[in-house]
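Visitor: Got a predicted structure plus its sequence, pasted below:
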Amino acid sequence: MRSVPSLPFPFRLLFLSLAAMLFVGPAGSQDAEKPVAKIVRSLEARYKGAESFRAVFMERRSEGRGSLQMESGTLYIRRPGLMRWDYEAPEKKLFLVDGKFAWFYVPADRTATKAAIRQSDDSRIPLLLLTGKTSLGRVCRRIELADVRVEAAGDTALRCLPTHGAEAHYKEAVLEVDSESHLVRLLVREAGDIETEFHFGRWEENLPLERSFFEFAPPKGTVIVDERTLIGDADSNQQH
């Protein structure tokens with residue numbers, strides 16, 4: 001029997017890290033703060049300057065030695081707060097945020113997981129930076145230049161250090177930005193030598209994406225699992 005799919009944990013960290021692109025924490029020195037602030041302002045202008053986006057992505061997840069998972073597909077974003085991740089390889093999957101709920105659907109399982117989005121106070125799925133509704137101070141206590149190897153000349157890497165409340169979820173996030181202020185790579189490091197890395201390419205802006213494209217229509221026979229019910233059942237069992 002297949003297990004019920006749950007919303008993938010890397011996305012929780014991805015959303016946190018995307019929001020962190022607009023936040024500059026206290027800098028260690030005035031000289032170090034200036035280039036970081038300039039990069040953040042450019043990112044803000046880039047991702048607030050259009051109504052919709054599309055990019056191809058590749059996701060790599062490793063969990064210690066001998067465990068590696070690679071996936072790829074296409075990402076669509078529409079302001080405010082609509083997202084669609086179409087996974088194409090090695091297996092078709094869909095991760096969708098419709099502004100009210102987040103959905104994770106694997107056709108082979110014929111099961112879709114649904115989770116409510118509670119704006120900025122939802123520690124699991126805060127809204128994207130594009131919505132402007134998340135509390136950025138809860139995402140990173142600091143962003144600094146990261147001394148890491150970048151993919152291309154002219155790229156810049158930023159390191160996001162989590163707030164104290166988020167340290168239980170991830171240790172750090174590294175964001176790589178190209179010379180045109182596009183996000184090209186995001187690396188999230190968790191405890192236990194777990195890493196999730198996203199590569200983005202071929203960014204396009206202001207595409208005619210209808211709102212219906214970000215609405216989940218479950219195929220006939222799909223079982224809908226509401227995570228709120230699962231959480232409620234778990235809390236009830238603990239009380240007993």
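Guide: That came through fine. Residues are numbered from 1 along each chain as shown.
Visitor: What about the nearest residue to residue 78 once chain neighbours are set aside, how many residues nearby?
Guide: The spatial neighbour of residue 78 that comes closest, neighbours along the chain excluded (C-beta to C-beta, 6 or more residues apart in numbering), is residue 52 at 4.5 Å. Where you see a C-beta, it was placed from the backbone N, CA and C, and this is true even at glycine. Using other C-beta atoms under 10 Å as the criterion, residue 52 is surrounded by 17 other residues.
Visitor: which stretches of this structure form strands?
Guide: In the chain, the segments counted as strands under DSSP state E are 52-63, 68-78, 82-89, 93-97, 101-106, 111-116, 140-145, 156-162, 172-177, 183-190, 194-205, 223-226.
Visitor: Same list, those, but as CSV with distance to residue 213 please.
Guide: Rendered in CSV, the data for the strands of the chain read as follows (distance: least, C-beta to C-beta, whole Å):
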stretch, distance to residue 213
strand 52-63, 10
strand 68-78, 7
strand 82-89, 7
strand 93-97, 9
strand 101-106, 13
strand 111-116, 17
strand 140-145, 31
strand 156-162, 30
strand 172-177, 27
strand 183-190, 22
strand 194-205, 15
strand 223-226, 20
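Visitor: quick one, what contacts residue 222?
Guide: If a contact means C-beta atoms under 8 Å, 6 or more residues apart in numbering, then residue 222 has 105, 110-112 as its contacts.
Visitor: quick check, nearest of those to residue 172?
Guide: The shortest approach to residue 172 among those belongs to residue 105, at 30.4 Å (C-beta to C-beta).
Visitor: got a list of what the closest one touches?
Guide: For residue 105, the set of contacting residues under the criterion of C-beta under 8 Å, 6+ apart consists of 5, 93-96, 111-113, 216, 218, 222.
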